[in-house]
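Engineer: What follows is a protein structure lacking sequence information:
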Ligand code: SF4
């Protein structure tokens, strides 16, 4: 063990994070980021700076789901570790002060920490009618986002709404809601979609940034590849049933009690990428498919309009070189399926990023034809 | 005479602004304003009613799942679908654990800092803190060394001069007066509660796949199929054991930490038992059906209304008497500004007429909020744990009666003390205890059913839309942790034609109505002493005692006669 390894837990302990929690946290971060373990030293070192980096968390048209997701994670208690390693100075849902005192804090950070602080944004930004649909301390969300995000060192959009406008932007988008990247063009944003975000990923992005002074590798939506690079379907524990043609046919049937594949009940796993089945929720306790409900592709671009109706079966199953419907996948093809699974895994990642979720779905309520392409 | 503005009100969900007139060190008038609007009811129009719960659940994640439940109930009501008994139990379990979780997080993480001065904890003697802790509770984590450790953490934080979330607090404010030992005890329990809640909420990960935004509801039941023999069944004996184990931790934490803490803090702030009274009218739709949903007489928490603080009579609830005003809300009604409309006949034309941002003050004589003003038979109603506990108490529910009388005896206070800021805090804690007493029993009920071969978790008779009538209307009522919640749905040709929601915080945080009656927050703030208008700690005390949830509260209803165009950005 290098000296650094011993050093940081002690530094962390002084700030109130136990050695156990801290090491658990670091190793979760290294695993989530898929870094070689030798980077542990670097991570540890970056987090042991005496002056803690300042973070502000802005909430606009939100449900606080991303905030709640953060405080409900455990083993390691991400919130506690992150709260201790960063100076978390503004966050409406959980901060001590209110009104003037709260706003003065934000003002001070923007001025004194200019170019050094991290801004996290939760919730969409309304642009219709001069932004009157969301004001804080008499200022519009757009006005606040422009000021705070252009002066930040790094911006992280958490949850579907801050990324692409999310549910608030779904047709008919009554308030002209959009995501941060579109609302404040020109600022660098890392998008962590999901409804809500999984805080392990968000913490990992922050740690990566503090460690390497740059963001992790991103896809064309500026989402970190480590979290959004793999199909749900390829990580799903029910996949063997899919491959064997064992499907839930009706809610509450024998298949639903035996944990069979939910494809026919509308599961969007075959087209959605996210590390949800691996990272899971609430201390790895569960994820929707484990509780018996199909995936709704909550981490996909504009999923509210484009992945709904959620109980409608995906028209085509991607993979195998040709698209086949589930009816075609009987016992007869199981052998072939097993043989091509490895190839399929790679192919489907690329496919999912290139096609399916970028276009509107038949039967979806979306009226738009093309998404605005996010600026890099 | 000065106009005081608190915006944002923090440690709540959503965006709330309060303006108050302060005269002679007291609030003489107040205005409550919701400053954010999304329009979720418009967004669900034209969609499959079976998935409305997935959408409406996103109204709020602090109240995660309450809208999911009200939504599936509304659609089941419209389509006349009965859910299996097991689904009823799973829904009750999810709700009960939501209450417990939410109430604990509210007290420690959203409300406690209104009563507890973190910097006071620095002056505490850890040994005396340990004595204090042991004198009020058997909770084992109470040694001098433990409290010294917590104090060291606070010290390190303060010395770092980077106070993080505590940067902007009202430390040293003259309205704080806990002894330092109680401050330290509360800070320690703030941290322990953080740990408790994230373990406890794993119940939702089993029953709902994740929290926030659970994903296991279905119109007609739940997806959590139960089976004694299959290891991959969403619910099986092993997972039920896990649930029992996690749920079991609640009782100890509530009995030994939450309740003693609430009573101790209340004991030091007795004046707040006579401040913060709302309109004096209390509404509860009732919660936790013990049989069929229609069988409201068998709800675990009873349905009823109390008027004018009169606990001798519980009035029946007629959902048709609910209506909403927009006189002071940024909407227009075609029939004019002063009428109120029932949710089933509601309309919403958002029309902002407030000052152009950035602004300093709202024009409170005119319209000043994105919240409508709901009324019951024109009465202003308070909703939430206090209303539920008062209705149950007045209805003579024996367990609630015993708990409330016990707490009042300990506090040496009459029942009228409940009509106050601290009354809300106490009622919320007692309700947490009530549910913690029962949650494990409800899991065992599920296990019994499984043992007897009752595995039904979903009623699929009317799952397919071709089995539905051409048009149907229904409503789903529920008591969310923050109070009475109703969803109204109209289905036509298998799609949602109209969707309307009246939520707890709209009842509580709404503005004045067409008759000029103040909303509950506005009333409760009257007479509040303000030591320092620049640091309005006292305002937070009363507002937080309601546990506001503004993301829920702002919504639009039926777009009948909607005049504005669909926007594409
Ligand atoms: S379709 Fe859904 S349930 Fe089935 S294997 Fe794929 S992700 Fe899992």
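Structural biologist: Yes, it's here. Since we're looking at a predicted model, the values are computed, not measured.
Engineer: Show the residue spans covered by the strands in the stretch 451-569 of chain B.
Structural biologist: Per DSSP state E, counting those that start in this stretch, the stretch 451-569 of chain B carries strands over the ranges B:471-480, B:483-492, B:495-502.
Engineer: closest one to chain A among those?
Structural biologist: Closest of the strands of the stretch 451-569 of chain B to chain A is strand B:495-502, at 9.4 Å (criterion: C-beta to the nearest C-beta). Backbone N, C-alpha and C define where each C-beta goes, glycine included.
Engineer: what about the closest one and chain A, any contact?
Structural biologist: No - applying C-beta under 8 Å from any C-beta of the partner chain, one finds strand B:495-502 separated from chain A by no less than 9.4 Å.
Engineer: Now that strand: buried residues?
Structural biologist: B:496, B:497, B:498, B:499, B:500, B:501, B:502 (16 or more other C-beta atoms under 10 Å in any protein chain shown).
Engineer: Let me see the contact set for residue B:548.
Structural biologist: B:9, B:12, B:13, B:14, B:16, B:482, B:505, B:508, B:509, B:521 (C-beta atoms under 8 Å, 6 or more residues apart in numbering or on different chains).
Engineer: Return the members of these classed as buried.
Structural biologist: Among these, the ones that count as buried by 16+ other C-beta under 10 Å are B:9, B:12, B:13, B:14, B:16, B:482, B:505, B:508, B:509, B:521.
Engineer: List phi and psi for the nearest residue to the last one once chain neighbours are set aside.
Structural biologist: Read it as residue B:521. Among residues not flanking residue B:521 along the chain, residue B:32 sits closest, at 4.2 Å (C-beta to C-beta, 6 or more residues apart in numbering or on different chains). Backbone torsions for residue B:32, taken as degrees, to the nearest 10, come to phi -110, psi 130.
Engineer: so residue B:32 makes contact with residue B:524?
Structural biologist: No - Residue B:32 is beyond contact range of residue B:524, at 9.6 Å (criterion: C-beta atoms under 8 Å).
Engineer: which residues touch the residue in the stretch 301-450 of chain B positioned nearest to the ligand?
Structural biologist: When scored by C-beta to the nearest ligand atom, the stretch 301-450 of chain B has residue B:450 as its residue closest to the ligand, at 23.6 Å. If you count contacts by C-beta under 8 Å, 6+ apart, residue B:450 has them with B:226, B:227, B:228, B:235, B:237, B:240.
Engineer: could I get those residues as a markdown table with neighbour count and distance to chain A?
Structural biologist: Below are the contacts of residue B:450 laid out as a markdown table (neighbours: other C-beta atoms under 10 Å in any protein chain shown; distance: C-beta to the nearest C-beta, whole Å):
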| residue | neighbour count | distance to chain A |
| --- | --- | --- |
| B:226 | 29 | 7 |
| B:227 | 20 | 4 |
| B:228 | 15 | 10 |
| B:235 | 28 | 9 |
| B:237 | 16 | 13 |
| B:240 | 18 | 14 |
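Engineer: Same list (these) but as a markdown table, adding distance to residue A:162.
Structural biologist: Formatted as a markdown table, these follow (distance: C-beta to C-beta, whole Å):
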| residue | distance to residue A:162 |
| --- | --- |
| B:226 | 37 |
| B:227 | 40 |
| B:228 | 44 |
| B:235 | 34 |
| B:237 | 41 |
| B:240 | 38 |
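Engineer: how about the residues you listed, which pair is most distant?
Structural biologist: Checked with C-beta to C-beta, these reach their widest spread between B:227 and B:240, with 11.2 Å between them.
Engineer: Would you agree residue B:182 falls within a helix?
Structural biologist: Yes - counting by DSSP: H, G, I helix; E, B strand; the rest coil, residue B:182 is located in a helix.
Engineer: Could you list the low-pLDDT ranges of the chain?
Structural biologist: You didn't pick a chain, so chain A it is. Counting by pLDDT under 70, chain A has low-confidence residues at A:1-17, A:48-50, A:74-84, A:316-376.
Engineer: wrong one, I was asking about chain B
Structural biologist: Low-confidence regions of chain B, defined by pLDDT under 70, span residues B:1, B:551-569.
Engineer: Point to the residue nearest the middle of it.
Structural biologist: Note on chain B: the residue nearest the mean C-alpha position is residue B:482, at 1.9 Å, using C-alpha atoms, centre = their mean.
Engineer: follow-up on the earlier one: keep only those of the contacts of residue B:450 that are also close to the ligand.
Structural biologist: Among the contacts of residue B:450, proximity to the ligand is found for none (C-beta under 6 Å from any ligand atom).
Engineer: Using a markdown table, lay out these together with secondary structure and distance to residue A:166.
Structural biologist: Shown next, in a markdown table, are those (DSSP: H, G, I helix; E, B strand; the rest coil; distance: C-beta to C-beta, whole Å):
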| residue | secondary structure | distance to residue A:166 |
| --- | --- | --- |
| B:226 | strand | 33 |
| B:227 | coil | 36 |
| B:228 | coil | 40 |
| B:235 | strand | 31 |
| B:237 | helix | 39 |
| B:240 | helix | 35 |
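Engineer: doesn't residue B:478 make contact with residue B:74?
Structural biologist: No - using C-beta under 8 Å as the test, residue B:74 is too far from residue B:478 to be in contact (9.7 Å).
Engineer: Which one of the two is surrounded by more residues?
Structural biologist: residue B:74 (30 against 25; other C-beta atoms under 10 Å in any protein chain shown).
Engineer: Excluding chain neighbours, give the residue nearest to the more buried one in space.
Structural biologist: Per C-beta to C-beta, 6+ apart, closest to residue B:74 is residue B:476, 3.4 Å.
Engineer: Quick check: the residue nearest to the centre of chain B touching residue B:60?
Structural biologist: No - assessed by C-beta under 8 Å, residue B:482 is found out of contact with residue B:60, at 9.3 Å.
Engineer: Can you tell me which of the contacts of residue B:450 is nearest residue A:106?
Structural biologist: Using C-beta to C-beta, these come closest to residue A:106 at residue B:235, 45.6 Å.
Engineer: give the contact list for the closest one.
Structural biologist: Counting by C-beta under 8 Å, 6+ apart, residue B:235 makes contact with B:90, B:206, B:207, B:224, B:225, B:226, B:227, B:446, B:450.
Engineer: try residue B:342
Structural biologist: Contact partners of residue B:342, counting by C-beta under 8 Å, 6+ apart, are B:320, B:322, B:323, B:324.
Engineer: distance of residue B:426 from residue B:231?
Structural biologist: Distance of residue B:426 to residue B:231, given as C-beta to C-beta, to the nearest Å: 44 Å.
Engineer: ugh, wrong one, I meant residue A:19
Structural biologist: In this view, residue A:19 and residue B:231 are 36 Å apart by C-beta to C-beta.
Engineer: my guess is residue A:99 contacts residue A:137, does it?
Structural biologist: Yes - using C-beta under 8 Å, residue A:99 is in contact with residue A:137, at 7.5 Å.
Engineer: Overlap of the contact sets of those two?
Structural biologist: B:7, B:8.
Engineer: and the residue in the stretch 1-150 of chain A that chain B sits nearest to, what is it in contact with?
Structural biologist: When scored by C-beta to the nearest C-beta, the stretch 1-150 of chain A has residue A:97 as its residue closest to chain B, at 2.6 Å. With contact taken as C-beta under 8 Å, 6+ apart, residue A:97 is in contact with A:105, B:10, B:167, B:168, B:169, B:170.
Engineer: List just the nearest of those to residue A:296.
Structural biologist: Nearest to residue A:296 among these: residue B:10, at 31.4 Å, using C-beta to C-beta.
Engineer: Near the closest one, how many residues? Count them for me, please.
Structural biologist: Neighbours of residue B:10 under the rule other C-beta under 10 Å: 26.
Engineer: My read is that it contacts residue A:95, right?
Structural biologist: Yes - assessed by C-beta under 8 Å, residue B:10 is found in contact with residue A:95 at 5.2 Å.
Engineer: Next, show the common contact partners of these two.
Structural biologist: In contact with both residue B:10 and residue A:95: residue A:102, using C-beta under 8 Å, 6+ apart.
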